[in-house]
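# fold the stuff below for me.
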Amino acid sequence: MCGILFTNIDNIDKSRFIHALEQISHRGPDRPLCYYNYDQFQLGHNRLSILDINDRSNQPYFSRDGRYVIIFNGEIYNYRELAKKHSIHTKTTSDTEVLLELYIKYGNQMLEWLNGMFSFVILDTEKKEIFAARDRLGVKPLYYYHDGEGYVFASEISPIIELINAVSIDEIGVRQYRKLRSFFNGRTIYNEVKEFPPGHYMENGRFHCYWKLEMGYQESPSDEELRELIESAVKYRMISDVNVGSYLSGGLDSTIVAGLARVEHTWTVGFNDVNEFEWSSIAAEKYNTIHHKVVIDSEEFLTLTREMINRTKEPVAVPNEVLIYKMTGEVKKYNKVILSGEGADELFYGYDRIFRWANETNKWNVSEFSRYYSYGSENDLEIVEDAIAPYLIHKEPILIVASFFQTAHLRGLLKRLDRATMLCGVEARSPFLDYRLVERLAGVDFNYKIHDGVVKAPLKRIFKDLVPNEIIERKKVGFPVPLEKVLPIQLSGETYMDKWFNYNLMVLMEEI
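Alright, predicted model coming up:
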């Protein structure tokens, strides 16, 4: 897990590039500010050593003949199988080397074989061409700037801002944030910076899609098949040369992950009077983990919010991202890798209110969708229509909502998780986002996922031997942040979420 920065714009000198790379040194504190240039091409890397912690796997990483060089952020969990299958003889034990050699042998075709989370850029120094790609679901971030002369690619927005000097606020992006608490269809808060689309690669200056989620109806998996898939996903995400821990909120999803992983350390976070400590302790006692309860107060919440905005040059989307940031600051004392239950709600219809509506309605209605989904109170239906438009290729409302949640909505939560953890130099892994699991559950009947009124019925049935009964029977709750207690009273806004959005935008404008 790392931070990457690339440019082929001529008028950017080395000192300016290195200063920009410093903006994301938190993503790779083990080997920061590694640099390579070739003609107008500059590649930078900050390394967080997870696999093959030896210096031989430092990046930028070169092919044996020196022709190709890669900067890579993420993990390829099946790299050992791929190396064996394709007769790749390695001099390291890292996935970086396997990834580069696969590209040299097979080009973009190899993307279809990767099981992992990744964003990377490869330079062919002979042809002076670049190849960039991002994982299927967008677990790992990648942003870019293009000015007609060249590109900047980066793991975060802040180094791009450093390199291009001036940015302007995208008013459509602001409207998306105020209404939907996230950004959609490649937008960011800035006009000049775009999100590299998940499931795509860029070759010869053109974007190509190599994966998209197919939502056609399919048969439900057997209990044995589903359990095997989830166990395999967790096992893959335990591959590491450093210690792995797990978040454990006391909810169903993180409890399943922690129970299967059998890690030594588990973590939860909350306020003194608003938390899930009781529930997480039940699971931790069952799994006999060293359990850490991290406490945050209102004053620290606002301080950390400002700190996150200052460091990332973006508004914080979800209030509980600040809690994850606080918790991960403690995690890094023991673990470089942390497991998360992210993705299960999207796959198994955990947001049952909106999924029930989508299943019961006969005709798509964007106003109704907005009523169930929108976070801000502003009456901005145009923004909702724009966000959902790519998913209207499906005819049934349940498939529209399911595909939206499993890609677009999920992307916002993944951004939350990556940002809050990587600011602390910790890698987060989410087993429920294994693409095999996502593909297998896409289009599966509603009544399988919410059966006889039981939300996430398959997970509760299959893992009843693993998860404490109190948690199986517990009603789903959100990740609690009492905004009415932590936000300044003088802020304007119709709701506390509106106040939250206003506060973030106010702080951002002060920073830029």
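# switch to C-alpha atoms for all contacts and neighbour counts from now on
Noted.
# who's in contact with Ala283?
Going by CA atoms under 8 Å, 6 or more residues apart in numbering, Ala283 touches 248, 250, 255, 467-468.
# just put the residues you listed in JSON lines and tack on distance to Pro32.
Conversion of the contacts of Ala283 to JSON lines gives the following (distance: CA to CA, whole Å):
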{"residue": "Leu248", "distance to Pro32": "31"}
{"residue": "Gly250", "distance to Pro32": "36"}
{"residue": "Thr255", "distance to Pro32": "34"}
{"residue": "Val467", "distance to Pro32": "41"}
{"residue": "Pro468", "distance to Pro32": "43"}
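# any of those buried? List them.
Applying 16 or more other CA atoms under 10 Å to these, the neighbour count classes 248, 250, 255, 467-468 as buried.
# any stretches of this structure with poor pLDDT?
Applying pLDDT under 70 to the chain flags residues 478.
# how is it carved up into domains?
The record, using automatic domain parsing to delimit domains, assigns the chain the ranges 2-209, 223-349+411-511.
# go through those domains and name the closest to Ile400.
domain 223-349+411-511 (10.4 Å; CA to CA).
# what's around Pro315, how many residues?
26 (other CA atoms under 10 Å).
# my bad, should have said Leu433
For Leu433, the tally of surrounding residues (other CA under 10 Å) stands at 26.
# before we move on, what about Val98?
If we define neighbours as other CA under 10 Å, then Val98 has 23 of them.
# kindly report the same for the one 3 residues further on.
A total of 22 residues lie near Glu101 under the criterion other CA under 10 Å.
# what's near enough to touch it?
By CA under 8 Å, 6+ apart, the contact list for Glu101 reads 63, 88.
# tell me the phi and psi of Pro32?
With angles defined as degrees, to the nearest 10, Pro32 sits at phi -80, psi 160.
# hang on, I meant Asn502
Residue torsions, per degrees, to the nearest 10, at Asn502 are phi -60, psi -40.
# distance-wise, check it relative to Tyr496.
10 Å (CA to CA, to the nearest Å).
# between the domains of the chain, which gets nearest to Leu392?
domain 2-209 (13.9 Å).
# pull the distance from that closest one to the chain's centre.
Remark: domain 2-209 is offset 15 Å from the chain centroid, using CA atoms, centre = their mean, to the nearest Å.
# cool, and stretch 286-294?
25 Å.
# output stretch 7-23 as CSV - backbone C-alpha positions only.
Included here for stretch 7-23 are C-alpha records, laid out as CSV according to Å, rounded to 0.1, in the frame of the first residue of the first chain:
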residue,chain,number,x,y,z
THR,A,7,3.6,13.5,-14.5
ASN,A,8,4.8,13.9,-18.1
ILE,A,9,4.2,17.7,-18.2
ASP,A,10,7.4,19.3,-19.3
ASN,A,11,7.6,22.5,-17.2
ILE,A,12,7.4,20.8,-13.8
ASP,A,13,10.9,20.6,-12.3
LYS,A,14,12.1,18.0,-9.8
SER,A,15,12.0,20.1,-6.7
ARG,A,16,8.4,21.0,-7.3
PHE,A,17,7.5,17.4,-8.0
ILE,A,18,9.2,16.2,-4.8
HIS,A,19,7.4,18.8,-2.8
ALA,A,20,4.1,17.6,-4.2
LEU,A,21,5.1,14.0,-3.4
GLU,A,22,5.6,15.1,0.2
GLN,A,23,1.9,15.9,0.4
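# just the strands in the stretch 301-450 of the chain please.
337-339, 427-429, 450-451 (DSSP state E, counting those that start in this stretch).
# packed most tightly, which of these would that be?
strand 427-429 (a mean of 28; mean count of other CA atoms under 10 Å).
# that one pairs with which strands, and in what direction?
Taking DSSP bridges as the criterion, strand 427-429 sits next to strand 337-339 (parallel) in its sheet.
# how far out from the middle of the chain is the partner strand?
A distance of 13 Å separates the centroid of the chain from that of strand 337-339, by CA atoms, centre = their mean.
# residues in contact with it?
Contact with strand 337-339 is made by 50, 237, 242-247, 257-258, 331, 426-431, as judged by CA under 8 Å, 6+ apart.
# doesn't Met117 belong to a strand?
Yes - counting by DSSP: H, G, I helix; E, B strand; the rest coil, Met117 is located in a strand.
# check contacts around it.
Neighbour list for Met117: 74-76, 134-136, 138-140 [criterion: CA under 8 Å, 6+ apart].
# adding secondary structure, distance to Leu82 and neighbour count, write those out as JSON lines.
As requested, the contacts of Met117 are exported to JSON lines (DSSP: H, G, I helix; E, B strand; the rest coil; distance: CA to CA, whole Å; neighbours: other CA atoms under 10 Å):
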{"residue": "Gly74", "secondary structure": "strand", "distance to Leu82": "16", "neighbour count": "25"}
{"residue": "Glu75", "secondary structure": "strand", "distance to Leu82": "13", "neighbour count": "27"}
{"residue": "Ile76", "secondary structure": "strand", "distance to Leu82": "10", "neighbour count": "23"}
{"residue": "Arg134", "secondary structure": "strand", "distance to Leu82": "18", "neighbour count": "26"}
{"residue": "Asp135", "secondary structure": "coil", "distance to Leu82": "17", "neighbour count": "28"}
{"residue": "Arg136", "secondary structure": "coil", "distance to Leu82": "18", "neighbour count": "27"}
{"residue": "Gly138", "secondary structure": "coil", "distance to Leu82": "21", "neighbour count": "24"}
{"residue": "Val139", "secondary structure": "coil", "distance to Leu82": "21", "neighbour count": "26"}
{"residue": "Lys140", "secondary structure": "coil", "distance to Leu82": "21", "neighbour count": "26"}
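# more crowded one of Asn502 and Tyr496?
Set Asn502 next to Tyr496 and count neighbours by other CA under 10 Å: Tyr496 wins out with 20 against 17.
# which helices and strands sit right next to whichever strand or helix holds Ala132?
According to DSSP states H and E, Ala132 maps onto strand 129-134. When contacts are defined as 3 or more CA pairs under 8 Å, 6 or more residues apart in numbering; DSSP states H and E, strand 129-134 sits against strand 116-124, strand 200-203.
# pick the most deeply packed of those.
Of the helices and strands packed on strand 129-134, strand 116-124 is the most buried (mean count of other CA under 10 Å), at a mean of 23.
# kindly calculate the angle that that strand makes with strand 129-134.
Angle, strand 116-124 to strand 129-134, by axes from the mean of the first three to the mean of the last three CA atoms, to 10 degrees: 170 degrees.
# partner strands of strand 116-124, with direction?
Counting by DSSP bridges, strand 116-124 is paired with strand 68-76 (antiparallel), strand 129-134 (antiparallel).
# in CSV, list the ones you listed along with distance to Thr96.
Output for the strands paired with strand 116-124, formatted as CSV (distance: least, CA to CA, whole Å):
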stretch, distance to Thr96
strand 68-76, 7
strand 129-134, 14
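# and those strands, which is most packed in?
Most buried of the strands paired with strand 116-124, by mean neighbour count (mean count of other CA under 10 Å): strand 68-76, with a mean of 25.
# list the contacts of whatever helix or strand comes next after it.
Per DSSP H and E, the first helix or strand lying C-terminal to strand 68-76 is helix 79-85. Residues from elsewhere that reach helix 79-85 (CA under 8 Å, 6+ apart): 89, 95, 98-99, 113-114.
# just the buried ones from those residues?
Among the contacts of helix 79-85, those that count as buried by neighbour count (16+ other CA under 10 Å) are 95, 98-99, 114.
# quick check, nearest of these to Phe120?
Nearest member of the buried ones among the contacts of helix 79-85 to Phe120, counting by CA to CA, is Leu99, at 9.7 Å.
# now the closest one: which helix or strand?
Here Leu99 is assigned to helix 95-106, by DSSP H and E.
# nearest to Ser403, out of the domains of the chain?
When these are compared by CA to CA, domain 223-349+411-511 sits nearest Ser403, at 7.9 Å.
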